[in-house]
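# no sequence on this one, just coordinates:
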């Protein structure tokens with residue numbers, strides 16, 4: 001009986017891992033391709049690069065701004081239904097975008113709504129995997145995020161080919177159809193109440209008083225926004241600086257290369273983003289394994305990769321030919337993959353597993369605000385100065401600043417000999433409405 005239950009649990013963990021991998025790949029395809037789409041959209045829409053940059057900015061901004069609400073939603077209804085709602089929002093918004101040629105409608109359908117849908121999918125997938133695995137958490141979380149790197153490898157070339165054959169609106173329509181595959185992935189996320197939650201609901205009478213329900217919801221949301229946990233504010237400010245430049249490379253590198261090296265085709269330029277995606281895959285595979293070697297390695301990887309991303313953005317302006325850009329793109333993908341794969345294990349190590357939804361929400365909120373301001377600000381600075389290089393100088397500075405902000409907290413942090421990977425932090429606790437015990441050996 002025990003053997004059968006163990007096999008059953010492993011089956012659902014494997015299915016959940018594959019589903020989260022596919023969903024992360026699909027929603028990351030948006031951020032990896034809208035820089036390529038700019039090339040095809042600018043002339044038909046008769047608009048400027050500054051106005052187009054607001055699409056990606058709104059997408060990244062609302063990804064973070066809605067993260068607090070998403071983390072509350074995950075706590076209340078579970079990862080499966082949050083994930084399912086995100087897939088529906090993403091698919092419908094992209095297909096509607098193919099039916100309009102108004103830049104202002106695209107701000108909503110290709111900017112705001114995909115940002116909201118991506119937030120729903122990402123946080124629900126991340127929280128689900130980190131609760132589901134304990135011993136193999138870094139490898140599971142890192143392996144699932146490889147889906148985002150696969151999107152960076154495949155989707156730029158795919159969207160470029162589709163746009164050449166069917167124009168940009170046809171490419172969006174097909175893209176929306178592919179996003180629909182996220183829905184069966186959401187249904188494969190197991191929804192199971194654990195004994196703690198069941199006893200809690202039996203012991204406390206259920207009330208349907210709307211005023212009480214609203215007050216409880218507001219109390220939980222307020223708890224997501226405020227916390228006394230040491231380092232929380234420093235990391236939130238750090239992710240604001242990170243948000244200012246996190247989308248600059250895939251957004252601006254295609255246009256920068258077309259301007260710096262005229263005569264190259266859109267497919268050749270899109271290959272830079274694809275090579276960055278290949279480096280991203282390698283980085284996530286490599287560093288997800290390295291992160292398991294020691295509990296503190298995720299923190300070290302995150303710091304090193306953040307600094308490397310900043311330096312590589314500065315090196316972009318030194319590239320003289322396509323081979324230089326290809327190599328730089330590969331190294332940027334490698335560093336960004338290391339940062340991405342170490343992020344959640346680092347938060348679990350520093351702040352505890354039970355507070356992961358809360359810290360994800362707060363940091364993604366600040367990253368979203370930074371992402372909302374970043375691309376338009378960088379485009380404006382480039383237009384005013386007449387030098388596109390300032391985009392990558394500013395991006396490099398934002399990555400370095402994000403590390404310097406948390407440096408005092410990291411230097412002052414002392415881990416006692418009894419520090420555990422899953423030790424709780426004072427603040428909101430998590431009433432998990434799903435999944436098996438996190439002490440599972442898998």
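Received it, and whenever you're ready, just let me know what you need. The model shown is predicted, which means the values in this text are computed figures rather than measured ones.

# Quickly note the distance from the closest residue in space to residue 317 that isn't next to it in sequence to residue 326.
Nearest non-adjacent residue to residue 317, counting by C-beta to C-beta, 6 or more residues apart in numbering: residue 389, 4.3 Å away. C-beta here means a position set from N, CA and C on the backbone, and glycine is covered the same way. Applying C-beta to C-beta, to the nearest Å, the value for residue 389 to residue 326 is 19 Å.

# Tell me the buried residues in stretch 267-280?
Using 16 or more other C-beta atoms under 10 Å as the test for burial, stretch 267-280 gives 268-280.

# Inside helices: which ones of these?
Members of those lying in helices (criterion: DSSP state H): 268-280.

# Specify which member of these is nearest to residue 259.
Checking these against residue 259 with C-beta to C-beta, the nearest one is residue 269 at 10.4 Å.

# my guess is the closest one contacts residue 259, does it?
No - with contact defined as C-beta atoms under 8 Å, residue 269 does not reach residue 259; the gap is 10.4 Å.

# The residue positioned nearest the centre of the chain sits in which helix or strand?
Computing the C-alpha centroid of the chain and ranking residues by C-alpha atoms, centre = their mean puts residue 122 first, at 6.2 Å. Per DSSP states H and E, residue 122 falls inside helix 113-132.

# which secondary structure elements does that helix contact?
Packing contacts for helix 113-132, counted by 3 or more C-beta pairs under 8 Å, 6 or more residues apart in numbering; DSSP states H and E, involve helix 2-45, helix 49-65, helix 67-77, helix 79-97, helix 137-179, helix 322-351, helix 356-385.

# The fifth one - contacts with which helices or strands?
Packed against helix 137-179, as judged by 3+ C-beta pairs under 8 Å, 6+ apart, are the following elements: helix 2-45, helix 79-97, helix 113-132, helix 266-290, helix 322-351.

# likewise the first one?
Under the contact criterion of 3+ C-beta pairs under 8 Å, 6+ apart, the helices and strands touching helix 2-45 comprise helix 49-65, helix 79-97, helix 113-132, helix 137-179, helix 182-187, helix 248-260, helix 266-290.

# How about the third one?
Other helices and strands packing on helix 67-77, by 3+ C-beta pairs under 8 Å, 6+ apart, are helix 79-97, helix 113-132, helix 210-225, helix 356-385.

# Could you pull out the buried residues of that helix?
Residues 67, 68, 69, 70, 71, 72, 73, 74, 75, 77 are the ones in helix 67-77 that count as buried (16+ other C-beta under 10 Å).

# Tell me where this structure is predicted with low confidence.
For the chain, the stretches flagged by pLDDT under 70 are 1-3, 5, 7-8, 138, 191-229, 357, 414-442.

# quick check, nearest of the ones in helices among the buried residues of stretch 267-280 to residue 396?
Closest approach between these and residue 396, by C-beta to C-beta: residue 276, at 15.8 Å.

# doesn't residue 269 make contact with the closest one?
No - Residue 276 is not in contact with residue 269 according to C-beta under 8 Å; the separation is 11.9 Å.

# what's the burial count for residue 102?
When neighbours are counted by other C-beta atoms under 10 Å, residue 102 registers 10.

# One more: the one 5 residues further on?
A total of 17 residues lie near residue 107 under the criterion other C-beta under 10 Å.

# ok, now which ones touch the residue nearest to the residue nearest to the centre of the chain when sequence neighbours are not counted?
For residue 122, ignoring the flanking residues on the chain, the nearest one in space by C-beta to C-beta, 6+ apart is residue 27 at 6.5 Å. Contacts for residue 27 were tallied using C-beta atoms under 8 Å, 6 or more residues apart in numbering; they are 86, 90, 117, 118, 121, 122, 179, 182.

# out of the helices and strands packed on helix 67-77, deepest packed?
helix 113-132 (a mean of 27; mean count of other C-beta atoms under 10 Å).

# how far away is the residue nearest to residue 122 from residue 185?
Applying C-beta to C-beta to residue 27 and residue 185 gives a distance of 11 Å.

# for residue 288, same thing?
For residue 288 relative to residue 185 (C-beta to C-beta), the value is 20 Å.

# Contacts only, for residue 97.
105, 106, 109, 110, 169, 172, 176.

# Out of the ones in helices among the buried residues of stretch 267-280, which is nearest to residue 237?
residue 280 (25.9 Å).

# Do I have it right that the closest one meets residue 153?
Yes - counting by C-beta under 8 Å, residue 153 is a contact partner of residue 280 at 7.4 Å.

# if we can go back for a sec, could I get the ones in helices among the buried residues of stretch 267-280 in a markdown table, plus columns for distance to residue 243?
Formatted as a markdown table, these follow (distance: C-beta to C-beta, whole Å):
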| residue | distance to residue 243 |
| --- | --- |
| 268 | 30 |
| 269 | 25 |
| 270 | 24 |
| 271 | 27 |
| 272 | 23 |
| 273 | 20 |
| 274 | 24 |
| 275 | 24 |
| 276 | 19 |
| 277 | 21 |
| 278 | 25 |
| 279 | 22 |
| 280 | 19 |
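
# and the two most separated of these?
Farthest pair in these (C-beta to C-beta) is 268 and 280. Separation: 19.5 Å.

# Could you tell me which residues make contact with residue 333?
Counted by C-beta under 8 Å, 6+ apart, residue 333 has contacts 149, 152, 275, 276, 277, 278, 279, 280, 281, 282, 283.

# Excluding chain neighbours, what is closest to the second one?
Using C-beta to C-beta, 6+ apart and skipping residues adjacent in sequence, the residue nearest residue 152 is residue 277, 2.6 Å away.

# how close does that neighbour sit to residue 306?
Taking C-beta to C-beta as the measure, residue 277 falls 19 Å from residue 306.

# now do residue 181
Taken as C-beta to C-beta, the span from residue 181 to residue 306 is 32 Å.

# These two: who's more crowded?
Higher neighbour count among residue 181 and residue 306: residue 306, with 22 against 14, using other C-beta under 10 Å.

# Report the contact partners of that one.
Residue 306 sits next to 242, 339, 399, 402, 403 when contact means C-beta under 8 Å, 6+ apart.

# same thing but 6 Å
Contacts for residue 306 (C-beta atoms under 6 Å, 6 or more residues apart in numbering) come out as 339, 399, 403.

# With adjacent residues omitted, what lies nearest to the second one?
To tie it back to what came earlier, the one meant is residue 399. Nearest one to residue 399, counting by C-beta to C-beta, 6+ apart, is residue 310 at 3.1 Å.

# Same check on the last one?
Distance criterion C-beta to C-beta, 6+ apart; nearest residue to residue 403, sequence neighbours excluded, is residue 306 at 5.1 Å.
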